[in-house]
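Trainee: give me a model of this one.
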Amino acid sequence: MIKMDNETTTSICPRCGSTEIILDQEIGEEICSVCGLVVSEEVMDHGPEWRAFTAAEKDARTRTGAGASYTLYDKGLSTSFGGTRDGLGRRLDTKVRARMSKLKRYDNRSKMDESRGRNLSIAMAELDRLSTILHIPRSVKEQAALIYRQALKRDLIRGRSIDAFVAASLYAACRLTRVPRPLKRVARASTREYSEVARSYRLLVRELKLKMPIDDPMKFVPSIASKLNLRHDTERHAIEILRRAKERQGLSGKDPRGIAAAALYMACAESGDKRIQKEVAAAAGTTEVTLRNRLKGLEAILHDAKPGGDEDISVELKAAD
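Mentor: A predicted model of the protein is given here:
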């Protein structure tokens with residue numbers, strides 16, 4: 001086998017079926033080490049076009065730029081015209097500078113000539129604004145930009161509001177990545193009404209066939225607890241209550257925020273870190289009626305899980321039979 005600059009690839013030899021293919025970077029060929037067949041003789045070199053013989057020279061010649069991103073309307077791969085000097089460092093004359101300025105103006109006009117480019121430039125600016133207000137992580141922002149681009153490709157935004165679809169895409173990305181941002185909060189930060197953002201979100205889910213994960217009530221406990229300034233032991237006790245209720249399969253089919261608020265209210269009462277129902281319901285974004293209903297449900301589930309509940313009764317009946 002050829003070593004040093006040569007590497008073993010995962011290609012398959014068409015003659016003998018061997019996978020021991022050697023890449024010779026000196027001559028740009030892939031060679032089978034078993035039968036000697038030249039599998040490919042036009043291997044592209046993806047390395048730099050320059051050479052460096054010292055570490056300092058390599059650092060000086062290394063160049064890079066920003067990576068491609070869906071949050072930029074052109075994905076960060078656009079060209080730009082600028083500068084007043086040529087490749088040799090000589091200053092450009094007046095005629096060449098005027099020509100370059102004219103080319104730059106034509107290039108900027110051509111980028112915004114298509115409706116798709118104008119749409120994306122407006123949408124990505126709105127996405128930046130919403131992400132800053134809602135403190136959205138970069139990965140979630142990238143997901144939201146990708147969802148919006150898919151909706152634009154499906155022609156779902158024609159005749160509808162760009163801002164509403166941006167907010168709906170951001171909320172959908174938060175749901176997919178399990179980042180707790182309620183729709184009301186996203187709509188409050190948007191320039192459009194809550195009903196329009198909700199309608200756009202439902203359209204996205206239906207047309208793009210997005211499968212949203214079911215929210216876990218434990219996800220909302222830290223945010224509600226921080227609004228109520230609760231102790232850490234109270235927050236941990238609420239999570240333990242929800243864990244016990246989940247083991248009894250008592251959390252399905254209910255609003256996760258209402259259940260999280262009920263567990264926190266129960267933990268406050270048991271740990272002495274008391275809060276009134278109105279405060280807890282307001283912090284969770286739900287009503288006091290919902291809080292009381294979910295509280296009754298949690299108490300019934302946890303009561304059945306205690307010794308002497310329905311399980312012990314069923315055991316006594318079976319023994320009597």
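Trainee: C-alpha from now on. contacts and neighbour counts both.
Mentor: Will do.
Trainee: residue boundaries of the helices in the stretch 201-321 of the chain?
Mentor: 221-228, 232-247, 256-271, 277-284, 288-305, 310-320 (DSSP state H, counting those that start in this stretch).
Trainee: helices or strands up against the longest one?
Mentor: Secondary-structure packing of helix 288-305 (3 or more C-alpha pairs under 8 Å, 6 or more residues apart in numbering; DSSP states H and E): helix 232-247, helix 256-271, helix 277-284, helix 310-320.
Trainee: so the chain: which segments form each domain?
Mentor: 7-40, 69-213, 217-305 (automatic domain parsing).
Trainee: make JSON lines out of the helices and strands packed on helix 288-305 and add distance to Ser33 and mean pLDDT.
Mentor: Shown next, in JSON lines, are the helices and strands packed on helix 288-305 (distance: least, C-alpha to C-alpha, whole Å; pLDDT from 0 to 100):
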{"stretch": "helix 232-247", "distance to Ser33": "58", "mean pLDDT": "90"}
{"stretch": "helix 256-271", "distance to Ser33": "61", "mean pLDDT": "90"}
{"stretch": "helix 277-284", "distance to Ser33": "66", "mean pLDDT": "90"}
{"stretch": "helix 310-320", "distance to Ser33": "70", "mean pLDDT": "36"}
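Trainee: CSV please, covering the domains of the chain and showing distance to Ala60 and mean neighbour count.
Mentor: Converted to CSV, these look like this (distance: least, C-alpha to C-alpha, whole Å; neighbours: other C-alpha atoms under 10 Å):
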stretch, distance to Ala60, mean neighbour count
domain 7-40, 24, 16
domain 69-213, 17, 16
domain 217-305, 48, 18
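Trainee: a markdown table for the ones you listed, including distance to Glu57?
Mentor: Formatted as a markdown table, those follow (distance: least, C-alpha to C-alpha, whole Å):
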| stretch | distance to Glu57 |
| --- | --- |
| domain 7-40 | 22 |
| domain 69-213 | 19 |
| domain 217-305 | 51 |
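Trainee: with distance to Arg160 added, can I get the helices of the stretch 201-321 of the chain in a markdown table?
Mentor: Shown next, in a markdown table, are those (distance: least, C-alpha to C-alpha, whole Å):
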| stretch | distance to Arg160 |
| --- | --- |
| helix 221-228 | 33 |
| helix 232-247 | 41 |
| helix 256-271 | 31 |
| helix 277-284 | 32 |
| helix 288-305 | 35 |
| helix 310-320 | 55 |
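Trainee: Arg206 is nearest to which of the ones you listed?
Mentor: helix 256-271 (22.5 Å; C-alpha to C-alpha).
Trainee: so which elements touch the closest one?
Mentor: Partner elements for helix 256-271 (3+ C-alpha pairs under 8 Å, 6+ apart): helix 221-228, helix 232-247, helix 277-284, helix 288-305.
Trainee: between that helix and helix 221-228, how big is the angle?
Mentor: Orientation check (axes from the mean of the first three to the mean of the last three C-alpha atoms, to 10 degrees): helix 256-271 against helix 221-228 gives 60 degrees.
Trainee: helix 256-271 vs helix 277-284, what angle?
Mentor: Using the same axes, to 10 degrees: helix 256-271 against helix 277-284 is 140 degrees.
Trainee: residues in contact with helix 256-271: which ones?
Mentor: 215-218, 220-221, 224-225, 234-235, 237-239, 241-242, 251, 274-277, 280-281, 284-286, 290-292, 294-295, 298 (C-alpha atoms under 8 Å, 6 or more residues apart in numbering).
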